[in-house]
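1. Need coordinates for the below:
(2 chains)
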Amino acid sequence: MSSSSVLSSSPSFQTFLDLPLKSTPFPRSQLLLFPPPFYKPTAGAVFLCNSTPPNTNSSPSLSDQLHPFSLDLLKQTQPDTNEQNQDNLVLSHKPKSTWINPSRPRPKVLSLNRQRRPPLPYNPDLTDLPRISSRLASVGPDEFSAVIDELLPEPPTRETALLILNSLRPWQKAQQFFLWLRSGKFFELDTIFYNVAIKNLRYGKQFDAVEILATDMIDSGIELDNVTYSTIITCAKRCSKFDRAIHWFERMYKTGLMPDEVTYSAILDVYAKLGKVEEVLSLYERARSNGWIPDAVAYSVLGKMYGEAGDYEGIQYVLQEMKTAGVEPNLVVYNTLLDAMGKAGKPGLARTLFDEMLEKGLRPNEKTLTALIKIYGKARWSKDAIELWDKMKSNNWPMDFILYNTLLSMCADLRMVKEAESLFEDMKKSGRCVPDSWSYTAMVNIYTNSGMGDKALEVFYSMLDNNVEPNVMSCTCLIQCFGKAKRIDDVVKVFDVLIQRGINPDDRLCGCLLSVIAVCKSDQIVKVLNCLTMAKPKLVGLINTLATDDDDDDDDVLKEEFRGILTETVVESRRPFCNCLIDICLNQNFSKQRAQQLFSLGCLFGLYPGLHVKRDREWSLNLRSLSIGAACMAFEAWMENLTACVDKKIDGKESLPNLFSVHTGAGSLKLATGLATSFAEYLEKSAFPFKRSEETPGRFVATKQDLILWIDQLTIQL
DNA sequence: ATAGGGTTAG
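-> Next up is the predicted model:
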């Protein structure tokens, strides 16, 4: 999971727990350290003339100059209405495309001409090359030097050396060969040699070595050109050293070299990967006003960025910009935008885009189809998914193992058991794709989702027989399934396999074990607790604390113990932990007070955001994503609150809304039994005045009158 | 067959 979603999912949690904040890749102040461009200013680049020479930090940076520019844009496109202002704010970041061709020319940020490659000289002694290459490819690191000497008794020509260098993998060989060439001094190693060497190091993600080479170039006075910079920047990006990528980009301006569009798109992608949408847009617009006609690659970068942000308006903006610039989307752009549409939750528009792409005569590839299948699966559009699958077969569109696995996962989500089985057979017969742990896990998932535990176990064992390493998810699915079926011995059996195989039980799996403990009979609990002791002993300790009645002053003990566990738990498992622990307290007859304490700690730690919604006419309680026990605790706490509210406002009842509602959700395919049913049962057993809504499944309502009447009765009873 | 940028699965 990405760090940004960790940050955004529960901000308040971090405050309370004093979690170490996941730091952004580098501080904003560094991000804004663009170089002071000191290249010869073009006409109209007035403010650039005033910038001081390089190597001082006091001059206005390019981004300082860009910053007000983006603020200007914000002002120009300020939304004129205040409805949906959240969405419009996003829109307002996107400049209108009429921006090109402004009255005053803007200072240059990129060169409109790509760096050209000199034509290659004809080289007659390339005939030996295959022999040399294949030999070097097969030789181990220890003999490498000796084999080079043997294969190249005569110094190679410059061209042969370049060809060999280019073909060497892994990076250690390329590095060795490069050093051999350098020490041999057969000819001067120019920029091209360094560029090829850097590219090879990039394959091996050796960014430190890349920087050493680049520094070496600088020290030796070898020119760094656009190819050098774009390779360094993309290497930094692939190694997640975004600050270094920006450092080298800045250095270009400092040394007076203009990036061309390749380098420029590379840096756009760096900012995009950092989620710096505004910076990307400023750079994009700035280059546009320089007369840049971006190509498909640049638009793919923009599209991907908006996809990651789930920003539908942004995707539309990209499409519009392409039209304005007269750029036709190619297959990659379509693939990116389709995926982006999926991430923005727009399956219908993805389908339309796909149709448009077909109409243009483009043939989808594996990635296109993977994106679409994922979207249809997520949207639960089984009809469209099956239709697409038929089309894939009849058009003989390409399949790869990722697409197979995506199809299998979709079948699991949509409970398409038959289809999954035939796909799985297809895959085995295809000859090209061998089922991997992902495929087997999808099959396990399919069977466990449908309650077919024995079938799932069968697939699980066939995975082991085929020497495919099971992953933790397959174990989690099985444990969940057997837990629901109260087959505790099978739960333990699966857990044992996991331990034997040395698979690390992750937080999800521990959450699953907790949920098993919540539902199993008391004489079975110890078996599961034994598993949990191996997986996460602290949770067993916490359960012991919960089993002990609170003697008034150990409130903080529980709080600190729980906090300690949550701090080291991944975000997406924190709420499930709390849910399950509450269920354990209630189902295993620990004191109810413990369940209440857990719930309020959960609220304190920000695990249950957005529980209450107050509108003028209706106050509601959103119990979706709570377990039944947690839902009851939340509901009772809410009722207590409402009672206090009504009592306080005894003279001003008009400030209360007319309607109160509780939402449990109707229960998706995945949670077939659903919270709604359990909550309805709970309400029936209690005297609370809420009734099931006739119109909306998963909704329970009470009027203000109901509530006041109920409270009055309570008072009389007391 | 000799150097650079973008797209695929819980």
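2. Do you have the strands of chain A handy? List them.
-> Under the criterion DSSP state E, chain A contains strands at A:612-614, A:618-622, A:659-663, A:691-692, A:699-703.
3. of all those, which lies closest to A:Lys173?
-> Comparing the strands of chain A by their distance to A:Lys173 (C-beta to C-beta), the top pick is strand A:618-622, with 58.8 Å. Where C-beta positions appear, they are placed from N, C-alpha and C, glycine not excepted.
4. tell me what the closest one is packed against?
-> Here strand A:618-622 touches strand A:612-614, helix A:628-648, strand A:659-663, going by 3 or more C-beta pairs under 8 Å, 6 or more residues apart in numbering; DSSP states H and E.
5. Other residues contacting the shortest one?
-> When contacts are taken as C-beta atoms under 8 Å, 6 or more residues apart in numbering, the neighbours of strand A:612-614 outside the stretch itself are A:Trp619, A:Ser620, A:Leu621, A:Asn622, A:Trp638, A:Pro657.
6. So whichever residue of the stretch 551-700 of chain A sits closest to DNA strand B versus A:Arg508, what's the distance?
-> Nearest to DNA strand B in the stretch 551-700 of chain A, going by C-beta to the nearest atom of the strand, is A:Glu572, at a distance of 9.4 Å. Counting by C-beta to C-beta, to the nearest Å, the gap from A:Glu572 to A:Arg508 is 8 Å.
7. who's in contact with A:Leu152?
-> Here A:Leu152 is in contact with A:Ile132 (C-beta under 8 Å, 6+ apart).
8. If we use 7 Å, what do you get?
-> The contact partners of A:Leu152, by C-beta atoms under 7 Å, 6 or more residues apart in numbering, come to none.
9. Next up, phi/psi of it, please.
-> Phi and psi for A:Leu152, reported as degrees, to the nearest 10, are phi -120, psi 70.
10. For A:Lys391, see how far away the residue nearest to A:Cys433 when sequence neighbours are not counted is.
-> Among residues not flanking A:Cys433 along the chain, A:Phe401 sits closest, at 4.1 Å (C-beta to C-beta, 6 or more residues apart in numbering). As defined by C-beta to C-beta, A:Phe401 lies at a distance of 20 Å from A:Lys391.
11. And these two? Which one has more around it.
-> Using other C-beta atoms under 10 Å as the criterion, A:Phe401 and A:Lys391 rank with A:Phe401 on top: 17 against 13.
12. so what's that one scoring on pLDDT?
-> At A:Phe401, the model reports a pLDDT of 91.
13. Burial check on the closest residue to A:Leu408 other than its chain neighbours, number of neighbours?
-> Take A:Leu408 and drop its neighbours on the chain: the residue closest to it by C-beta to C-beta, 6+ apart is A:Ala442, 3.6 Å away. If you count neighbours by other C-beta under 10 Å, A:Ala442 ends up with 27.
14. now do A:Trp397
-> Neighbour count for A:Trp397, taken as other C-beta under 10 Å: 16.
15. separation between it and A:Pro153?
-> When distance is defined by C-beta to C-beta, A:Trp397 is 51 Å away from A:Pro153.
16. Quick check: the residue nearest to A:Ser600 when sequence neighbours are not counted vs A:Leu110, distance?
-> Counting by C-beta to C-beta, 6+ apart, the nearest residue to A:Ser600 once its immediate chain neighbours are dropped is A:Ala637, at 7.3 Å. For A:Ala637, the distance to A:Leu110 (C-beta to C-beta) stands at 58 Å.
17. higher neighbour count, the two?
-> Using other C-beta under 10 Å as the criterion, A:Ala637 and A:Leu110 rank with A:Leu110 on top: 20 against 16.
18. Which residues are in contact with that one?
-> Residues near A:Leu110 by C-beta under 7 Å, 6+ apart: A:Met258, A:Pro259, A:Asp260, A:Glu261, A:Tyr264, A:Ala287, A:Asn290, A:Trp292.
19. Now for the closest residue to A:Phe495 other than its chain neighbours, how many residues are close by?
-> Leaving aside its chain neighbours, A:Phe495 sits nearest to A:Cys531 (4.5 Å; criterion: C-beta to C-beta, 6+ apart). Close neighbours of A:Cys531, defined as other C-beta under 10 Å, add up to 25.
20. which residues of chain A score low on pLDDT?
-> Scanning chain A for pLDDT under 70 picks out the ranges A:1-106, A:120-126, A:551-554, A:649-654, A:667-673, A:718.
21. Which residue ranges make up each domain of it?
-> A:497-604, A:612-717 (automatic domain parsing).
22. from the chain's centre, how far out does stretch A:607-616 sit?
-> For stretch A:607-616, the separation from the chain centroid amounts to 26 Å (computed by C-alpha atoms, centre = their mean, to the nearest Å).
23. Put the alpha carbons of it into CSV.
-> Provided in CSV are the C-alpha atoms of stretch A:607-616 (Å, rounded to 0.1, in the frame of the first residue of the first chain):
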residue,chain,number,x,y,z
LEU,A,607,-10.6,3.8,14.0
TYR,A,608,-14.2,4.7,13.4
PRO,A,609,-14.3,8.0,11.6
GLY,A,610,-17.5,9.3,10.2
LEU,A,611,-19.7,7.3,12.5
HIS,A,612,-22.2,10.2,13.1
VAL,A,613,-23.7,12.4,10.5
LYS,A,614,-25.9,15.3,11.5
ARG,A,615,-28.2,16.9,9.0
ASP,A,616,-30.9,19.3,9.7
